[in-house]
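Chemist: got a predicted model here, sequence first, then my questions.
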Amino acid sequence: MKKLKSIVYWLLARGGVRRAFEATQRSLSGVVSGGRIRSHAYHSLNPIAFSREQQAVMAGRHSYYQALHHTDRSNVALRRNVHRIEKGLVMQPPRPIFALDYIEETLDFFEATIHRIRAGEPVDQGELEWASAVLGAYFRRVTDAAVKHHAERFAFASAELGESATGEASPEPFLRETSPLAVTFENLQQLAMRRRSVRFFQQRRVPRDLVDRALEIARQSPTACNRMPYEFRFFDDPEMVPKVASVPFGSAGYAENIPMVAVVVGRLDSYFSPRDRHAVYIDSSLAVMGFLYGLETLGLSSSIINWPDFEPLEIKMQKLLGLELHERPMMLIAIGFADTTVPVPFSKKKELDSFRSFNRM
């Protein structure tokens, strides 16, 4: 027994166990990845890694179809179709007729939103005005007999909207400005260099109005078909913040110090097809980067807390926040005023040659 223990300790000390594990994984992954059938067989025997994602994707698809005519404040299907129409309006050369296969469906969604207003239910007013403006531009362009009935239907439905409630210019396609910006490349580079992941903060309350201002930057980020398939859930109650912030592994050692934490939630019910299941990660990440830069300009610091796709943590966060299965945490963000007495990691970035190439096949 002593001899066996000595061998084990010797292996651990010399990294033998780690090297044996790595060698096994290298061989196994090589065999499994060598063919789709082998990969499918492996994951059929070991389904845990992706089972939650598969169920969440189907739950999102189910919720998408359920919500088509029972919309929330924001109608994701209306957003998608209106964006498709506005892309058609800017195509060159101009198209005299298009969108015939989905214009009726779009009007269904448009009318459903107006019905919510009649019923006194909350709607995204800006979204509705944008839809009305784009549809108006569409029917001014497309005058073919095939859309005459749809044009009359739109005119009747939109008559209830009246004047724009936002006071903004009509939100339809426009010519982009190309005049020089007051923000130079050097300004943006300075902002990017100044922003660093801060994990220790002053014990000051984070003003919510500053968070909202940063979100105004975040929402300008591009998303697939303008769906914006994410939510930012903020917590600033001193008792709630550590409960939320301590769920992921990456906050160990500083979760108790965070004044405000955000959970970025991706909504898989924004899609009807599993082919788009990764868009929640892409679109929310684009929004988050704009949000972080917005915070930095307002004197607030932040740190991304990585969220692993790990079943026990997924279940814990789902219960804690009351998430539906199709609502998946993307990442957490620690927010606050930096404690300037505590250093931050330098985090040297890769040189351009390490990740940039041109015309590489």
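Modeler: Happy to help now that I have it. Because the structure is a prediction, the values reported are computed rather than measured.
Chemist: ok, residue 56 touching residue 323?
Modeler: No: judged on Cβ atoms under 8 Å, residue 56 makes no contact with residue 323 at a distance of 10.0 Å. Bear in mind the C-beta positions are built from the backbone N, C-alpha and C, glycine included.
Chemist: compare neighbour counts for those two and give me the winner.
Modeler: Legend: neighbour count by other Cβ atoms under 10 Å for residue 56 and residue 323, higher for residue 56 (22 against 19).
Chemist: mind listing what the more buried one touches?
Modeler: Going by Cβ atoms under 8 Å, 6 or more residues apart in numbering, residue 56 touches 268, 325-326, 328.
Chemist: of those - the most surrounded one?
Modeler: residue 328 leads those on contacts (other Cβ under 10 Å) with 28 neighbours.
Chemist: buried set for stretch 191-211?
Modeler: Judged by neighbour count (16 or more other Cβ atoms under 10 Å), stretch 191-211 contains these buried residues: 195-196, 198-201, 206, 210-211.
Chemist: distance check, residue 17 against residue 24.
Modeler: 11 Å (Cβ to Cβ, to the nearest Å).
Chemist: I meant to write residue 192 there.
Modeler: Separation of residue 192 from residue 24 (Cβ to Cβ) stands at 41 Å.
Chemist: and residue 33, by the same measure?
Modeler: Separation of residue 33 from residue 24 (Cβ to Cβ): 15 Å.
Chemist: now swap in residue 284 and tell me
Modeler: Noted for residue 284: a distance of 35 Å to residue 24, by Cβ to Cβ.
Chemist: of these two, who's got more company?
Modeler: Shown here are residue 284 and residue 24; by other Cβ under 10 Å, residue 284 has more neighbours (26 against 10).
Chemist: just checking, what packs against the helix or strand containing the more buried one?
Modeler: Here residue 284 sits within helix 279-297, counting by DSSP states H and E. Under the contact definition 3 or more Cβ pairs under 8 Å, 6 or more residues apart in numbering; DSSP states H and E, helix 279-297 sits against helix 185-194, helix 208-218, strand 230-235, strand 260-267, strand 301-305, strand 327-336.
Chemist: need the ones you listed in CSV with distance to residue 48 and mean pLDDT, can you?
Modeler: Below are these laid out as CSV (distance: least, Cβ to Cβ, whole Å; pLDDT from 0 to 100):
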stretch, distance to residue 48, mean pLDDT
helix 185-194, 39, 96
helix 208-218, 33, 98
strand 230-235, 26, 98
strand 260-267, 21, 98
strand 301-305, 23, 97
strand 327-336, 16, 98
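Chemist: start from the N-terminal end of the stretch 51-200 of the chain and give the helices.
Modeler: Remark: helices assigned in the stretch 51-200 of the chain by DSSP state H, counting those that start in this stretch are 76-89, 103-118, 125-141, 148-158, 185-194.
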